[in-house]
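Visitor: This is a predicted model, with the sequence first.
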Amino acid sequence: MQFETSSLIPVLPELYLLALACTVLLVDLFLKQEQRIISYGIAQIGLLLAVGVTLATGGNEPQVVFDGSVIRDRMGDVLKISIYLISAGAFLYAKDYLRDRGLFKGEFYVLGLFAVLGMTIMISANSFLSVYLGLELLALSLYALVAFDRNSRIGSEAAMKYFVLGALASGMLLYGISMIYGATGSIEFQAVAQALSEKGANDMVLVFGLVFLVVGIGFKFGAVPFHMWVPDVYQGAPTAVTLFIGSTPKIAAFALAMRLLVDGMGGLHGDWQGMLVILAVLSMVVGNIFAIAQYNIKRMLAYSTISHVGFLLLGILAGTSEGYSAAMFYAIVYAITAIGAFGIVIMLSRNGFEAEDLHDYKGLHERSPWFAAMMLLLMFSMAGVPPTVGFFAKLVVLQAVISIDMVWLALVAVFFSIIGAFYYLRIIKLMYFDKPQDETALTAGIDARILMSVNGLSMLLLGMFPAGLLSLCAAAIGG
Amino acid sequence: MFADLPILSLTIWLPIIGGILVLASGNHAANASRWTALVIALLTFIVSLPLWSSFDSSTAQMQFVERGSWISQLNIEYYLGVDGISMPLIILTTFISVFVIIAGWEVIQYKPASYMASFLIMEGVMVGVFSALDAMLFYVFWEAMLIPMFLIIGIWGGPNRVYATIKFFLYTFFGSVFMLIALIYMYFQSGSFDILAFHDLKLSLNEQILIFVAFLMAFAVKVPMWPVHTWLPDAHVEAPTGGSVILAAIMLKIGGYGFLRFSLPITPDASQHLDWLVITLSLIAVVYIGFVALVQQDMKKLIAYSSIAHMGFVTLGFFIVFMIAANPEATGGALLGVEGGMVQMISHGFISAAMFLCVGVLYDRMHSRQIADYGGVVHSMPIFAGLMVFFAMANAGLPGTSGFVGEFMVILASFRADFWFAFLAATTLIIGAAYTLWMVKRVVFGPVANDKVAALEDISNREFFILGSMAIAVLLLGLWPAPLIEVMDASIVDLLKHIAVSKL
């Protein structure tokens, strides 16, 4: 392999993130606890600069470097930039929460940045090996983050569960990869796709391998029946971590599915379409119905995530470029909505009190009309009620499904979204129609308040003017 | 002179933006926000008047058209326009909204600014529903309407408001998502979301039937038709007076409007195929729901059921046309049916609003809606009693009031289809009179029931102004309905021509 310095330019965002994470790690060593804000500042400014780095080094044409291991394309750039921005938002919401609980440590940002790095590697992966590397880097950082509060038993339990199940899923994924490697003789996506088109789609080993790939993807998404970790991890992890896990990794999981299934196994579309239909329908059924029974808002949002994953999968399984850009739009919109919803959970919590019970939301309308209104927008967006952006996310996905003549699937999807509307309405009911039990004023800092306002209003603004983000997604997929 | 102004956009966005401003001003300066809300509502009404005065009633073309790209990737346009069917409904909306604001003036003490703002936003969104000519724009307005109503019932409603408002939301949401699927499906058939393009879209009978059923689910819930009407009595009973007025006077009309704008012209063959279904449901609403209304103990519930029965006339008038068309001797009967339905919608808008306002007047004083708690109100509130009796007569379809015109036209049209339909529909003249007048008799007349009734004060100037205006509207429309019919004539003739041509 001939090394050329110019091949480093497409991977500059990853290199930059690595350097950033290491800088935070090193600088943090020399900081006293009251100076910890510096680590936070470096991480935040670094993430914002990462946007610039990605924009500056990106080109319009896809570039494949490092012997086909890494790809740099527009879809990757759009996904990476949204991950940087949403992660920065997550860090901002998390700051006060961590400080109040004595968790304000540099490691949080180091692990978070490594997770972001893992996601970007997954996004730029062009071979099974680099996908797996990125996936593991992300997963290991998240396991550690879930157990970030050492004294929390429930947190350690959740991390353990996540680790065991995650390791199992990684094993499955590797097993599938090995079979595909055996059948095609390559781990690079283009070569695999090439081999598929030559061998035809009837190779038993390939389909067998594909099943394991789908299992791995299903686990990362938290799609039913591979969802069992989601509620426990969401509930067990400190809310600041849940916020992070619940948002950007969904965008990364979308990229994972796109790289593996579309770039690599595109020739087997007929096979994985059927598998994804099952995952999608089960996710919508289980997610929406189980969410009704939850009294812990983090658990409820976990099941709600599962149902949204079902919707997102609908876009991917359509197998058209409209479908992919619809799923991408859905993933980004969902991530923005999710950090907002968890952001409210964080804002209502304070030292020694976690606003995890649904009853804690009673009468929020009286305690803080503005943030109740923001939560209202976020909940209506999750329920998919216009004029919020959640409606358009569902609309484009439904369009993709109907365009391939699977109207029945669209009917199933909307039917379960009616059921889903109930538990979002219940939050609004608690906030607006009930009297407050707890009159304490909100203690959130001004930065979190501003971000929450932007976050909530973005639901409305993106809903009134979704054209920009939609065209960005369409251009990224290159349809 | 008004042709250059975007009147429809103004009518939609003035109250919405005004509502947001009132909301933002907070609940501290209650009086200021009340006056601001009133000024905005009045301005909106004035802005909407050119729709009537500059309306060209000789054509069925869409007028006051505004068209621009909204979401180009999805081919969704910001496309507004009105014809003779939607224009009267828009005027009704802006008219009623003014009175809803006044009706909540002193009554609403809890968060008055938010209350006024909700109704203003609601007004703009409803005008949007009536004027949207892009299916997705229509759907966005249609669903967005749920949010303020959900909050109005939930925040300012009665003791069982949570149950009522969630039921209301889920019922309507349930109906409309299937419509969404139908709209997307037609988008792929026609290549755009233009409703007028849907009208000319060729569809097989099977497709038409499925689309028709999807639309029926959406509109039947909204109208509401038996058996999906059960959300309405709950919502009405729990809603504050203003909420009941908007629900009965305008939101129900959106269902009827949907039949005329979507079901009939897009799926004419399926409508003909399944007209027996809608006619049966309508007659059940007229007769059975009429009897249900008779036994109600709660005044609001009684009026709610009477609304369902009256809306049965609307759907009956709309769907009787196919049977009339099949009868070679009946010329012009179809036009009578649809126009009767339309007149009934407008008239019911005024009468039901007035009835709910009357109950509101009593409730504000006695905090009870039970008929049994009243009796002999006429002794302490003579002016009010006169007005209430007048509205009750109109509700029962007394000739000379607007309630008579629509019902009479629909019954006449039904005669040309089938005698028994007309017979069943005409029973409402008896049942309707029975439940309304019996309620009035128990509430208004008789000996004074208790001390509380004896101590009642007659209506204030504000209340007199509201009810008096409504009475004038009811009377005017009853004595001289010609202008209204004239305005909608060309559009309805065109609609009937359109649905007479099979799409197969």
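Guide: That came through fine.
Visitor: Tell me the buried residues in the biggest strand by length in chain B?
Guide: Assignment by DSSP state E gives strand B:63-71 as the longest strand of chain B. Neighbour-count burial for strand B:63-71 flags B:63-64, B:66, B:70-71 (criterion: 16 or more other CB atoms under 10 Å in any protein chain shown). Quick note: C-beta positions are derived from backbone N, CA and C, even for glycine.
Visitor: near chain A at all, it?
Guide: Yes: under the criterion of CB under 8 Å from any CB of the partner chain, chain A is reached by strand B:63-71 at B:70-71.
Visitor: how about low-confidence regions in the stretch 351-479 of chain A?
Guide: For the stretch 351-479 of chain A, applying pLDDT under 70 flags the ranges A:479.
Visitor: before we move on, the earlier item: and the buried residues of strand B:63-71, which is closest to chain A?
Guide: B:I71 (4.8 Å; CB to the nearest CB).
Visitor: neighbours around the nearest residue to that closest one once chain neighbours are set aside, how many?
Guide: Leaving aside its sequence neighbours, B:I71 sits nearest to A:A467 (CB to CB, 6 or more residues apart in numbering or on different chains; 4.8 Å). A:A467: 17 surrounding residues under other CB atoms under 10 Å in any protein chain shown.
Visitor: How about B:D56?
Guide: B:D56 has 10 neighbouring residues, counting by other CB under 10 Å.
Visitor: give the contact list for the residue lying closest to it once chain neighbours are set aside.
Guide: Closest residue in space to B:D56, ignoring its immediate chain neighbours: B:Q63 at 6.2 Å, by CB to CB, 6+ apart. Shown in contact with B:Q63 (CB atoms under 8 Å, 6 or more residues apart in numbering or on different chains): B:55-56, B:81-83, B:87.
Visitor: what's the closest of the buried residues of strand B:63-71 to A:S39?
Guide: Nearest to A:S39, judged by CB to CB, of the buried residues of strand B:63-71 is B:I71 at 41.9 Å.
Visitor: re earlier: what pLDDT does the model give the residue nearest to B:D56?
Guide: pLDDT, B:Q63: 85.
Visitor: what do you get for B:A132?
Guide: Note on B:A132: pLDDT of 92.
Visitor: who does it bridge with?
Guide: Counting by DSSP bridges, B:A132 forms beta bridges with B:L80.
Visitor: check contacts around it.
Guide: Going by CB under 8 Å, 6+ apart, B:A132 touches B:79-80, B:138, B:141, B:195.
Visitor: For ChimeraX, write the selection for the buried entries among these.
Guide: Per 16+ other CB under 10 Å, the buried members of the contacts of B:A132 correspond to this ChimeraX selection:
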select /B:79,80,138,141,195
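Visitor: could you dump the contacts of B:A132 to JSON lines with pLDDT?
Guide: As requested, these are exported to JSON lines (pLDDT from 0 to 100):
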{"residue": "B:Y79", "pLDDT": "90"}
{"residue": "B:L80", "pLDDT": "90"}
{"residue": "B:F138", "pLDDT": "93"}
{"residue": "B:F141", "pLDDT": "93"}
{"residue": "B:I195", "pLDDT": "89"}
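Visitor: Show the contacting residues for B:V98.
Guide: With contacts defined as CB under 8 Å, 6+ apart, B:V98 is in contact with B:38, B:41-42, B:45.
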